[in-house]
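1. Provided below for reference: sequence and predicted model.
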Amino acid sequence: MKRYCFALDLNDDPDLIAEYIDWHTKVWPEIKRSIAASGITNMEIYRVSNRMFMMMDTTDAFSLEHKAQLDAANPRVQEWEKLMWKYQKPLPFAKPGEKWMLMEKIFQL
């Protein structure tokens with residue numbers, strides 16, 4: 001198993017944040033299937049204010065590059081990502097077009 005952790009901000013608007021949370025209570029079945037099919041065995045998203053943290057547990061064969069290729073070839077995933085971009089904004093230090101940013105693990109007990 002591999003674990004990946006990512007961070008992303010939301011637009012700092014209470015109404016948009018509420019909408020974003022609502023969308024995540026009714027994620028499209030095609031999105032859930034694409035997540036599982038890529039080798040992600042568990043995904044959790046946490047929020048504090050407008051900052052989000054996502055944790056993904058994956059199979060050993062999982063790769064971020066392959067997941068990106070699968071997502072790019074899936075019109076429904078692209079539709080979801082376009083919809084979510086209404087609510088999301090890049091971290092202040094992100095490169096243009098970069099969304100979820102991979103975090104570096106600095107401690108483990």
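-> Right, received. Where do you want to start?
2. strands of this protein, start to end?
-> Along the chain, counting by DSSP state E, strands occupy 2-10, 40-48, 51-58, 88-89, 101-102.
3. so which of those comes closest to Lys95?
-> Comparison of the strands of the chain against Lys95 by Cβ to Cβ identifies strand 101-102 as nearest, at 9.1 Å. C-beta coordinates here come from the backbone N, C-alpha and C atoms, glycine included.
4. okay, the strands of the chain in TSV with mean neighbour count, mean pLDDT and distance to Lys32 next?
-> Compiled in TSV, those are given as follows (neighbours: other Cβ atoms under 10 Å; pLDDT from 0 to 100; distance: least, Cβ to Cβ, whole Å):
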stretch	mean neighbour count	mean pLDDT	distance to Lys32
strand 2-10	16	98	18
strand 40-48	13	98	9
strand 51-58	17	98	13
strand 88-89	16	96	19
strand 101-102	12	97	22
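5. okay if I get the ones you listed as a markdown table plus distance to Arg33?
-> Formatted as a markdown table, these follow (distance: least, Cβ to Cβ, whole Å):
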| stretch | distance to Arg33 |
| --- | --- |
| strand 2-10 | 19 |
| strand 40-48 | 11 |
| strand 51-58 | 16 |
| strand 88-89 | 22 |
| strand 101-102 | 24 |
